[in-house]
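Asks: Using only what follows, build the 3D model:
(chains A and B)
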Amino acid sequence: MFTTLVGKALIPVGLAVTGFMVVCCLVLYSAIRDDLNRGEIVHATNLADTVLKSTRYAMHKSDRDMLSTIISNVGAQNGVDHVRIFNKKGTISFSAINDEINRQVDKKSEGCIGCHKEALPVTTLGNMQKARTFKNSHGLDVIAITAPIYNEPDCSTAACHVHPPEQKVLGTLDIGLSRAERNRSLSMLRIQMAVFTGMCLILTLTGIGSLLRKNVFLPLQKLRDYVEAPPVIHGTPQPPPHLPHDLDLIAARYYGAITHGNDKKNDTTHL
Amino acid sequence: MTKKMTPHISESGDNAAILHDMMREIDRLKNFSTRGLKALALFLVVSSAAWSKFPFLPPAETVTALLGPPPTARIISTVLLIYTFFAIALSIARLTSGIEHRSSFCHVAYLTAFYLFYYFGNTLEDNFLAVCGAGITILGTESYRIWNYCATGISEKREAAEYVNRVGRHPPEA
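Replies: Numbers count the residues shown, from 1 in each chain, chains lettered A, B, ... in the order given. Down below sits the predicted model:
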């Protein structure tokens, strides 16, 4: 197969087109996935900021019931895996899951280690650093944002429980969102890319193959059959079949050679 | 199935020398024909190391702390696409013009560099398949080009050797 004309025409083209399209699709898929991840983090960070702003008044008024209700309502939303607020000691003060309340978290665990790596905790984090991804207890993909609750000037001067001004972070909001929709989008994208690549490949290879067959291989086969057939039948040289340009020249020369040879033979016979 | 050539030593010493040169050239082409496959095998070894995240290399953070951050994954991917496109185009151009070019192992070096850039940028896992696919495509095309060149050359040399045996002199140049 590698040495035939068909093989020589189709193998390098097929290999090059297939390979390049696959590489393009892989690179494009990777770029789209990165963009989706980035957008997801921005969305989750904005949501965390929204929750913080929504709970700010309740925190100011030290209204724990209102704060607890807000957290529960946010946690009940579709697509929200968990919502919790830690106090400065790392104890869960509020959570959408009641069983978690008053539980202490390990500062070295994922989500906490970003700020608590050193003896002195970090007080500011970039958006991308606030995010972490993991599988929850049900095996579902989750993206979680850890947003610090900063000590604003009116927090340290409030009449309720006063925070000293030198305390930069009062607590942390941890909100986790399901990645099911993103995973579904990526899965659809993979399928669509695979189908698109397959269709392009089939079109390219069958298109090239069909054109080559019609314009090159079939005429070559006709020429070959003509040359391999007996050149003279009942003393008459066989005329060439109709062939496309270039091949008809070859056939015509061959026919000329047969005719010339046949004429010479006839002259010799007569003599 | 390879045809075994048993050269017929003619009376002329020149013919024996011509045949000897032709046989040597055929042997050279046979050795050369596997160059592409050897490069592909080496690339697969490098890919295995990349799949295991280069366990023998220092952590990416150590190197980036020393040399600074690498280019972003997007830039590396763009360069990978451009390189793949031109490498394939060059290989096909060499295939159609029938020139001998010993370029396979340099592609292994370039592709290893891509693996390393992704590794130091901590994006190797996401982009491994792209580099692997590019490597298999480029080296596969190169292997076919080299094999095709050698097969054509061997076939021509065998026909020339038969001509020398039959006629007793070197065939006219095409």
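Asks: in the chain, which spans are helices?
Replies: Answering for chain A, as no chain was given. Listed in chain order, the helices of chain A (DSSP state H) span A:5-60, A:64-75, A:113-116, A:127-130, A:153-156, A:180-212, A:218-228, A:247-270.
Asks: wrong one, chain B
Replies: Secondary structure of chain B by DSSP H: the helices cover B:13-32, B:35-51, B:60-67, B:73-97, B:104-120, B:124-167.
Asks: Now render the helices of chain A as JSON lines, adding mean pLDDT and distance to chain B.
Replies: Where C-beta positions appear, they are placed from N, C-alpha and C, glycine not excepted. Conversion of the helices of chain A to JSON lines gives the following (pLDDT from 0 to 100; distance: least, Cβ to the nearest Cβ, whole Å):
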{"stretch": "helix A:5-60", "mean pLDDT": "86", "distance to chain B": "2"}
{"stretch": "helix A:64-75", "mean pLDDT": "89", "distance to chain B": "32"}
{"stretch": "helix A:113-116", "mean pLDDT": "62", "distance to chain B": "15"}
{"stretch": "helix A:127-130", "mean pLDDT": "59", "distance to chain B": "12"}
{"stretch": "helix A:153-156", "mean pLDDT": "68", "distance to chain B": "37"}
{"stretch": "helix A:180-212", "mean pLDDT": "88", "distance to chain B": "11"}
{"stretch": "helix A:218-228", "mean pLDDT": "88", "distance to chain B": "18"}
{"stretch": "helix A:247-270", "mean pLDDT": "82", "distance to chain B": "17"}
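Asks: got a markdown table for those helices, with mean neighbour count and distance to B:Phe114 too?
Replies: A markdown table is the format used below for the helices of chain A (neighbours: other Cβ atoms under 10 Å in any protein chain shown; distance: least, Cβ to Cβ, whole Å):
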| stretch | mean neighbour count | distance to B:Phe114 |
| --- | --- | --- |
| helix A:5-60 | 17 | 11 |
| helix A:64-75 | 16 | 44 |
| helix A:113-116 | 16 | 30 |
| helix A:127-130 | 15 | 24 |
| helix A:153-156 | 12 | 51 |
| helix A:180-212 | 13 | 21 |
| helix A:218-228 | 14 | 42 |
| helix A:247-270 | 13 | 46 |
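Asks: Adding distance to B:Ile75 as columns, could you present the ones you listed in TSV?
Replies: Formatted as TSV, these follow (distance: least, Cβ to Cβ, whole Å):
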stretch	distance to B:Ile75
helix A:5-60	11
helix A:64-75	39
helix A:113-116	26
helix A:127-130	18
helix A:153-156	43
helix A:180-212	22
helix A:218-228	48
helix A:247-270	50
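Asks: For B:Phe117, find the nearest of those.
Replies: Nearest of the helices of chain A to B:Phe117, taken as Cβ to Cβ: helix A:5-60 at 13.7 Å.
Asks: and chain B, which residues reach chain A?
Replies: Contacts of chain B with chain A, taken as Cβ under 8 Å from any Cβ of the partner chain, map to B:73-74, B:77, B:80-81, B:84-85, B:88, B:91-92, B:95, B:126-127, B:129-130, B:133-134, B:136-138, B:140-141, B:144-145, B:147-148, B:151.
Asks: May I see the helices of chain B organised as a markdown table, with mean pLDDT added?
Replies: Converted to a markdown table, the helices of chain B look like this (pLDDT from 0 to 100):
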| stretch | mean pLDDT |
| --- | --- |
| helix B:13-32 | 87 |
| helix B:35-51 | 95 |
| helix B:60-67 | 87 |
| helix B:73-97 | 90 |
| helix B:104-120 | 94 |
| helix B:124-167 | 90 |
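Asks: Out of these, the one nearest A:Ala180 is which?
Replies: Set against A:Ala180 and scored by Cβ to Cβ, the helices of chain B come closest in helix B:124-167, at 20.3 Å.
Asks: Can you name every helix or strand that the closest one contacts?
Replies: Applying 3 or more Cβ pairs under 8 Å, 6 or more residues apart in numbering or on different chains; DSSP states H and E, one finds that helix B:124-167 contacts helix A:5-60, helix B:13-32, helix B:35-51, helix B:73-97, helix B:104-120.
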